[in-house]
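S.K.: Coordinates only, no sequence provided:
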């Protein structure tokens, strides 16, 4: 099974490189169909769903891309994967879901800084920086609030 799944994914990757995105989606979906259920227990599901979501994003099928990438987050090592968060954020922007987009672009930025944004729309990096800064400010405010609360308590 592993060999067949790997072969299908390699063919899917080759189709992406050749600009044959519909054929790539078919290969990734075929590879995904070979994995036993539940999918969320397999590392292979993470990279297949990520490749599928990325390809759907390239096709501007944003809703389908978001669905695939949200599933990838539930798989081993999906959460915290900068590429998954980047593409999820970008697909969410395509849908006009600014909240979801900001959350995942910030996660991509916090996980991999600017590296994951190389070659991407500079606007996405700007959104990521802004959203990450807001998250860090919020976290710092919470820490300060907790610290002040502890300091005001009598021993």
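M.R.: Nice, I can see it. These figures come from a predicted structure and were not determined experimentally. Numbering: from 1, shown residues only.
S.K.: pLDDT on stretch 123-131, on average?
M.R.: Average pLDDT, stretch 123-131: 96.
S.K.: what's the answer for stretch 35-55, then?
M.R.: Stretch 35-55 comes out at a mean pLDDT of 95.
S.K.: List the buried residues for the helix or strand harbouring residue 28?
M.R.: With secondary structure defined by DSSP states H and E, residue 28 is part of helix 21-34. Burial within helix 21-34, assessed by neighbour count using 16 or more other Cβ atoms under 10 Å, is assigned to 21, 23, 24, 25, 27, 28, 30, 31, 32. Backbone N, C-alpha and C define where each C-beta goes, glycine included.
S.K.: go on, stretch 122-139?
M.R.: Using 16+ other Cβ under 10 Å as the test for burial, stretch 122-139 gives 124, 125, 127, 128, 129, 131, 132, 135.
S.K.: With distance to residue 118 and secondary structure added, can I get the residues you listed in CSV?
M.R.: Shown next, in CSV, are those (distance: Cβ to Cβ, whole Å; DSSP: H, G, I helix; E, B strand; the rest coil):
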residue, distance to residue 118, secondary structure
124, 11, helix
125, 9, helix
127, 16, helix
128, 13, helix
129, 14, helix
131, 18, helix
132, 17, helix
135, 22, helix
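S.K.: Under the pLDDT cut-off, which ranges of the protein? List them.
M.R.: Low-confidence segments of the chain, defined by pLDDT under 70: 136-155.
S.K.: All the helices of it, residue numbers only.
M.R.: 2-17, 21-34, 43-58, 62-73, 82-95, 98-112, 122-152 (DSSP state H).
S.K.: contacts for the second one?
M.R.: In other words, helix 21-34. Here helix 21-34 makes contact (Cβ atoms under 8 Å, 6 or more residues apart in numbering) with 1, 4-5, 8-9, 11-13, 15-16, 39, 44-45, 48-49, 51-52, 55-56, 58-59.
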